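Novice: The following block contains a protein sequence and its predicted model.
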Amino acid sequence: MVKKTFYITTTIPYANAPPHIGFALEIVEADILARWNSSLGKDVFFLTGTDEHGVKNYQTAKKQGLSPQDFVNKNSDLFEELTKKLNISQNYFIRTTDQKKHWPGVIQMWKLLEKKGDIYKKKYSGFYCSGCERFVTEKDLIDKKCPDHPKLEIQQIEEENYFFKLSKYSKKIIELIKTDKLKIYPQKWKNDFLSLIKEGLTDVSFSRNKEVLPWGVPVPGDETQVMYVWCDALTNYLTGIGYPNKSFEKYWPADLHVVGKDMLRFHTGIWPGMLLSAGLPLPKEVIVHGFLTVNGKKMSKSTGNVVAPLELLKKYTSDSLRYFLCRSTPFGDDGDFSEKALVDRHNNELANKLGNLVSRVSGLIEKNGIEKCDNKLLKKLKLKEIDKLIENYELDKALNEIFAFIDICNEYVQNKKPWETKDQNVLYELKECILKIAELLWPFIPESSEKITKQFSAKNIKKGEILFKKIEN
């Protein structure tokens, strides 16, 4: 029997700075969904990586006195390190500077769009935001500034570039989104995007002059131009699974693109337009997470409150950070990060509830043994509800249900008093429940779940070391 495939991606962040906590949220949420689908027996392919071309990277490299390649290598390595430290289960880490794996597919994509008559050259004058790496219409500017990057100077640029006929596919894209053939979740982001594009999508700049930006994939047949970010970066979702080789068809179309709300317009506007032009199937669903504030304030370099997850992981375990991120932030909404809240959740939920249950039950089993029986306690676990919640991306609520069952198990220990009764049936019930809890928590806190599973699957169960050591505030 052939396994059902499941292909999931994150966005590929710019390698112009080290990773911040917002991307940690995205990659953890995607990893939970990848692991959960894997636990259902699917053949999962999970892609992440870094976007390494573009004006921002080129300019920042120059300021730092580095070659663009050395500069992006340094930051891309930090993103890859983050995937390891956060225990992310990606199958491949794509880099857009990879001339062997990535460039052939990007060049093929350009040629397909060109062959369709959807790429043309024209002189253009417009307002350019280097923060967004895009041209911004005058009506979208607020006090002559980009609303997303109000501290950056808007440049007025006049260039001859190639453009992609996105407007040609505008009606089709709107219809696909309205009918959920290209599904956007949560609903509020679907409504938001449809409202944004109700007057139609406009053609997009697809190249930059080499004199301005010599750093990028060369435009086929025109040595004066390099490809602009969209054709290059968005095509990673194909090149990461083998495109232009036929092997990519095993996983394409993507089941899920996980994106931040600032990336929605590109993934449900430009990207579907490119795929329609190239005659390729569209992704099935784009799910949109919110932003993280820090102690209630917007993260920014100027206020000095940017949270670096690699620094946090020197103090806290990957499971503590993973647990906090998805427990505290309903999917699709903005959330708030604070170290105090992280420590509180670690101590009150992971240590006091789960850790305490594991420690008490394993110690009691070591002393008294177990005897198999009908497990009435396990029947109190709301398995179908938990599956449904994860299916609907309500990860925080799924954790709530799992921890409600952990509470039930802790109460059961208190009520049954197996340290007095030496009841081996009660201890068997608790052992089986803990194994099920570990299985359900594996997508969320994989390292701790694997330790629990190993401990409670052993022939002779022993108490072992403390699973979650308390953190002093």
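Specialist: In hand now; what should we look at? Residues are numbered from 1 along each chain as shown.
Novice: quick one: the strands in the stretch 101-250 of the chain?
Specialist: Secondary structure of the stretch 101-250 of the chain (DSSP state E, counting those that start in this stretch): strands located at 119-129, 134-136, 155-164, 183-185, 204-205, 207-209, 225-227.
Novice: Same list, these, but as JSON lines with mean pLDDT and distance to Arg345 please.
Specialist: C-beta here means a position set from N, CA and C on the backbone, and glycine is covered the same way. Shown next, in JSON lines, are the strands of the stretch 101-250 of the chain (pLDDT from 0 to 100; distance: least, Cβ to Cβ, whole Å):
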{"stretch": "strand 119-129", "mean pLDDT": "84", "distance to Arg345": "37"}
{"stretch": "strand 134-136", "mean pLDDT": "71", "distance to Arg345": "37"}
{"stretch": "strand 155-164", "mean pLDDT": "87", "distance to Arg345": "44"}
{"stretch": "strand 183-185", "mean pLDDT": "96", "distance to Arg345": "26"}
{"stretch": "strand 204-205", "mean pLDDT": "91", "distance to Arg345": "42"}
{"stretch": "strand 207-209", "mean pLDDT": "92", "distance to Arg345": "45"}
{"stretch": "strand 225-227", "mean pLDDT": "95", "distance to Arg345": "44"}
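Novice: Using CSV, please lay out those together with distance to Thr235 and mean neighbour count.
Specialist: Output for the strands of the stretch 101-250 of the chain, formatted as CSV (distance: least, Cβ to Cβ, whole Å; neighbours: other Cβ atoms under 10 Å):
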stretch, distance to Thr235, mean neighbour count
strand 119-129, 14, 15
strand 134-136, 17, 20
strand 155-164, 12, 16
strand 183-185, 21, 19
strand 204-205, 14, 20
strand 207-209, 14, 22
strand 225-227, 9, 23
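Novice: between those strands, which one is nearest to Ile107?
Specialist: strand 225-227 (8.7 Å; Cβ to Cβ).
Novice: any idea how far that closest one is from the chain center?
Specialist: 29 Å (Cα atoms, centre = their mean, to the nearest Å).
Novice: Would you mind pulling up the elements that it packs against?
Specialist: Applying 3 or more Cβ pairs under 8 Å, 6 or more residues apart in numbering; DSSP states H and E, one finds that strand 225-227 contacts strand 207-209.
Novice: Recalculate using a threshold of 10 Å.
Specialist: Contacts defined by 3 or more Cβ pairs under 10 Å, 6 or more residues apart in numbering; DSSP states H and E place strand 225-227 against helix 103-115, strand 155-164, strand 207-209.
Novice: how deep is the closest residue to Ile270 other than its chain neighbours tucked in, by neighbour count?
Specialist: Excluding the flanking residues, the one nearest Ile270 by Cβ to Cβ, 6 or more residues apart in numbering is Trp230, at 5.1 Å. A total of 21 residues lie near Trp230 under the criterion other Cβ atoms under 10 Å.
Novice: separation between Trp230 and Asp222?
Specialist: 17 Å (Cβ to Cβ, to the nearest Å).
Novice: can you check Asn356 too?
Specialist: Taking Cβ to Cβ, one finds Asn356 at 66 Å from Asp222.
Novice: cool, Ala34 as well?
Specialist: From Ala34 to Asp222 the distance is 39 Å (Cβ to Cβ).
Novice: repeat for Leu395
Specialist: 46 Å.
Novice: how about the strands of the stretch 101-250 of the chain, which one is nearest His257?
Specialist: Of the strands of the stretch 101-250 of the chain, nearest to His257 by Cβ to Cβ is strand 183-185, at 9.9 Å.
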